[in-house]
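Participant: please work out how this folds:
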Amino acid sequence: MAKLTIDGIEVEVPNGSTVIQACEAAGVEIPRFCYHERLSIAGNCRMCLVEIEKMPPKPVASCGQPVADGMVVHTDSEMVRKGRRGVMEFLLINHPLDCPICDQGGECDLQDEAVAYGRDHSRYEDGKRSVAQPDWGPLVKTTMTRCIHCTRCIRFTTEVAGVAELGATQRGEETKVGTYVQKALSSELSGNIIDLCPVGALTSKPYAFTARPWELRKTDSIDVLDALGANIRVDTRGAEVLRILPRMNDEVNEEWLGDKSRFSVDGLKRRRLDRPWIRENGKLRPASWEEAFAAIAGKVKATSPAKMGALAGDLADAESMLALKEFFAAMGSKNIDCRIDGARFDASKRAFYLFNTTIAGIEDADALLIIGSNPRHEAPVLNARIRKRWLAGKFPVGVVGKAADLTYKYDHVGEGADALQALLNGTHGFVETLKNATKPMIILGAGVLARPDGAAIHAAAWKLASQFNMLTPDWHGFNVLHHAASRVGALDLGFLPGDGAMDAQAMLSGGADVLWLLGVDAEAVRNIPSNSFVIYQGHHGDAGASRADVILPGAAYTEKDGTYVNTEGRVQQGYIAVKPPGDAREDWRILRAISAYLGHALPYDDLEQLRAHLRAEYPVFAEEFRRFAGTDTAGPTAAGAVSSTLLTPPLPNYYQTDVISRSSPTMAACVAAHNPALAEAAE
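Facilitator: Okay, here's the model as predicted:
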């Protein structure tokens, strides 16, 4: 540790720290444009100048200066102020007076620092430079005349996203930041460069000229478009969600957010269900809540509980799933399921279906085996964490499944699940890597568990974890990477068929005379036989609504308070940002109302009572999050043998995986830009 004095404050920081980090530890704010704590040091902007005693009598860039024991730093001397004013004057020489029309206005680092260090007039008399505006695709709007060459965007795409598409060409005033050749950015994390840009050179293209930050109401929430549970901020004006930004949480998403989660916000106001509907003579007609409840009651009362079923979709919150489960239990039906994809695996123990290493725990691992998953598409922010660990060195990665660009190098162990047997038998070279690791980990893609041999693959992966020292008192290396935000919460609630009851596949194939779909929009629902009476409760007119006999309009995740459990088992709360449109209501309230209508009233009248009941019945929702130890090595039950067929990831199209992103014009534009064949097929 090094001790130094900053503006009279003595501070102790680890050796190897920089002066700017020491200043932050001392609570002294240093202006900067190019420096970012999660990126490599560039030293481009020179705005972070400080004065250091016993060094040459000139300002020093604090971002690149290592600390030394006994160092004395001055951050607000006359020399420092003069140097920063000079830097600001140079930065503004070519910067256009775009503040009134710039989307960065009100959130611009350059604006903020110009207030403190800018002059009231310019001494520059020549014309300002003009730079062409390149097209980087449907997400990022470029106004490169404003660019100050901080290179944050270049460093992010290269280092964090792992897609080296951006760079600087030419030199001096002629320097241009771009993609070398005209193309759309292909990274699933490209929207983060908008947050990183300290000026208005890179802004959100879908959000352009929409609102000013001081007009917006800001609400904390949780992203549900994948199972990572990224912490987000929902910005609204009136009754409309205008944008979604990441919130910092080092344990989950750091400060990054995937493009689908950020830009599919426009799907929240399209194809919405805002009133009940009833199908009569083969056509849907608008109805009142009373009519919809009466139609449901007439059918339910005429149906045996054994022939009624309920399915929970990928975006459902825990409160709604609990209400639906208890509603059906009150009616005497055990036919409930959350595994719409048909996954068959042992869920008797929580460790069997969680990301037990935890997301932050990836940084402690020293070897990784990925089985049947493409983390870049299923959870791009988690994939960035894997890349971060890989860049740190001594982190070999093996992949069983289809080869893909994961943004880091790996050993391709095999394409079929039979490669697992080669690892178990010790006949593959990657075995030595696993043996030599002290904290190895496995990531098993949840999509693999939907295969006919899913249970066998589940058991084989656990056996691998046990065989290669992944299950110890201080380390749990077995992980399942889910891609549905509701799945872990549903499994924690036991939203699974009881003994002798129908599973999802049996219900979808016509086994249930009355089938309740809670936000289920899988393509399989379009093929439900006509003899099934289908009740769809959801917020978008997608596959579920197209097959429904009665539609009950629910609330999207931005329109309700909800509890979600991410893939690592972390319980998180989302909060209501806007009210549901029209006659739509929060899902648990709909279920509470229909249960009372049918004479099976649920035992809670408000959200506080429901959550108290949730925590009492399922204590996992009240526990503080922790990393699980791997001391219980008893594995899941296996059925059948592992097949040799190719392990195919479940998400061929990252940009359209749910009803919200499928309703988003921006996501459709991304598909057209990156995969025209998929766009043509959709049309």
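
Participant: which of the three states applies to the residue nearest to Ser122 when sequence neighbours are not counted?
Facilitator: Closest residue in space to Ser122, ignoring its immediate chain neighbours: Leu92 at 7.0 Å, by CB to CB, 6 or more residues apart in numbering. Placement of C-beta: from N, CA and C, glycine included. Using DSSP: H, G, I helix; E, B strand; the rest coil, the secondary structure recorded for Leu92 is helix.

Participant: check the one 5 residues further on too.
Facilitator: Local secondary structure at Leu97 is given as coil here, using three-state DSSP.

Participant: Gly200 versus that one, what's the distance?
Facilitator: Leu97 sits 12 Å away from Gly200, going by CB to CB, to the nearest Å.

Participant: who has more neighbours, the two?
Facilitator: Set Leu97 next to Gly200 and count neighbours by other CB atoms under 10 Å: Gly200 wins out with 24 against 9.

Participant: SS state for that one?
Facilitator: At Gly200, secondary structure determined by three-state DSSP is coil.

Participant: for Arg285, same thing?
Facilitator: On the basis of three-state DSSP, Arg285 is classed as strand.

Participant: what's the answer for Tyr408, then?
Facilitator: coil.

Participant: number of residues surrounding it?
Facilitator: Tyr408: 17 neighbours (other CB under 10 Å).

Participant: strands of the stretch 151-300 of the chain, start to end?
Facilitator: In the stretch 151-300 of the chain, the strands defined using DSSP state E, counting those that start in this stretch lie at 167-169, 176-178, 202-204, 217-222, 231-237, 240-246, 277-280, 283-286.

Participant: residues touching the residue nearest to Ser122, list them.
Facilitator: For Leu92, the contact set (CB atoms under 8 Å, 6 or more residues apart in numbering) comprises Ala114, Gly118, Ser122.

Participant: give me the buried entries from those residues.
Facilitator: Ala114, Gly118 (16 or more other CB atoms under 10 Å).

Participant: just the contacts of Leu92: which are in helices?
Facilitator: Ala114 (DSSP state H).

Participant: okay, who's weakest in the contacts of Leu92 by pLDDT?
Facilitator: By pLDDT, Ser122 ranks lowest within those, coming in at 84.

Participant: closest to Lys409 among the contacts of Leu92?
Facilitator: Among these, Ala114 lies closest to Lys409 (CB to CB), at 43.3 Å.

Participant: residue contacts, the closest one?
Facilitator: Applying CB under 8 Å, 6+ apart, the residues near Ala114 are Met88, Leu92.

Participant: quick check: it vs Ile576, distance?
Facilitator: The spacing between Ala114 and Ile576, counted by CB to CB, is 38 Å.

Participant: what of Asp135?
Facilitator: 37 Å.

Participant: out of those two, name the residue with the larger neighbour count.
Facilitator: Shown here are Asp135 and Ile576; by other CB under 10 Å, Ile576 has more neighbours (17 against 14).

Participant: pretty sure that one sits against Asp561.
Facilitator: Yes - between Ile576 and Asp561 there is a contact under CB atoms under 8 Å: 5.3 Å.

Participant: contacts for stretch 82-89?
Facilitator: Looking at what lies outside stretch 82-89 - CB under 8 Å, 6+ apart - the contacts are 31, 45-47, 49, 59, 113-114, 117-119, 122-123.

Participant: next step: the residues you listed restricted to strands.
Facilitator: In strands, defined here by DSSP state E, the members of these are Leu49.

Participant: let's have the contacts of stretch 82-89 in JSON lines, adding distance to Ser546.
Facilitator: Formatted as JSON lines, the contacts of stretch 82-89 follow (distance: CB to CB, whole Å):
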{"residue": "Pro31", "distance to Ser546": "55"}
{"residue": "Cys45", "distance to Ser546": "54"}
{"residue": "Arg46", "distance to Ser546": "59"}
{"residue": "Met47", "distance to Ser546": "56"}
{"residue": "Leu49", "distance to Ser546": "62"}
{"residue": "Pro59", "distance to Ser546": "66"}
{"residue": "Glu113", "distance to Ser546": "53"}
{"residue": "Ala114", "distance to Ser546": "54"}
{"residue": "Tyr117", "distance to Ser546": "59"}
{"residue": "Gly118", "distance to Ser546": "58"}
{"residue": "Arg119", "distance to Ser546": "62"}
{"residue": "Ser122", "distance to Ser546": "61"}
{"residue": "Arg123", "distance to Ser546": "66"}
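
Participant: from Phe33, how far off is the spatially closest residue to Ala68 that is not a sequence neighbour?
Facilitator: In space, and not counting its chain neighbours, Ala68 is closest to Ala2: 6.3 Å by CB to CB, 6+ apart. Going from Ala2 to Phe33 by CB to CB gives 26 Å.

Participant: same check on Arg272?
Facilitator: In terms of CB to CB, Arg272 sits 41 Å off from Phe33.

Participant: between these two, which is the more surrounded one?
Facilitator: Per other CB under 10 Å, whichever of Arg272 and Phe33 has more neighbours is Phe33, with 24 against 19.

Participant: what's the neighbour count on Leu406?
Facilitator: Leu406: 20 neighbours (other CB under 10 Å).

Participant: check contacts around it.
Facilitator: With CB under 8 Å, 6+ apart, Leu406 has these contacts: Ile370, Asn374, Pro375, Arg376, Asn383, Ile386, Arg387, Val397, Val399.

Participant: out of the residues you listed, list just those in strands.
Facilitator: Among the contacts of Leu406, the members falling in strands (DSSP E) are Ile370, Val397, Val399.

Participant: wait, a helix at Cys670?
Facilitator: Yes - looking at Cys670 with three-state DSSP, it is inside a helix.

Participant: ok, for it, nearest residue in space, not its chain neighbours?
Facilitator: Tyr655 (4.5 Å).

Participant: report the separation between the one you found and Ala161.
Facilitator: 16 Å.

Participant: Ser661 too?
Facilitator: For Ser661 relative to Ala161 (CB to CB), the value is 20 Å.

Participant: for the two, indicate the residue with more neighbours.
Facilitator: Neighbour totals were compared for Ser661 and Ala161, and Ala161 leads with 25 against 22 (other CB under 10 Å).

Participant: surely that one touches Thr407?
Facilitator: Yes - between Ala161 and Thr407 there is a contact under CB under 8 Å: 6.9 Å.

Participant: show me what contacts the residue nearest to Val448 when sequence neighbours are not counted?
Facilitator: Once flanking residues are discounted, Val448 sits nearest to Gly372: 3.5 Å by CB to CB, 6+ apart. By CB under 8 Å, 6+ apart, the contact set of Gly372 is Val400, Gly401, Ala417, Leu444, Gly445, Gly447, Val448, Ile457, Leu647, Thr648, Pro649.

Participant: beta partners of the first one?
Facilitator: In other words, Val400. Following DSSP bridges, Val400 is listed with bridge partners Ile371, Gly414.

Participant: tell me, how many residues neighbour it?
Facilitator: The burial count for Val400: 30, using other CB under 10 Å.

Participant: so where is the chain shaky, pLDDT-wise?
Facilitator: 677-683 (pLDDT under 70).

Participant: apply 80 and report the result again.
Facilitator: For the chain, the stretches with pLDDT under 80 are 638-639, 676-683.

Participant: tally of neighbours for the spatially closest residue to Tyr410 that is not a sequence neighbour?
Facilitator: Excluding its sequence neighbours, the residue lying closest to Tyr410 (CB to CB, 6+ apart) is Val397, at 3.9 Å. Val397 sits with 21 neighbouring residues when counted by other CB under 10 Å.
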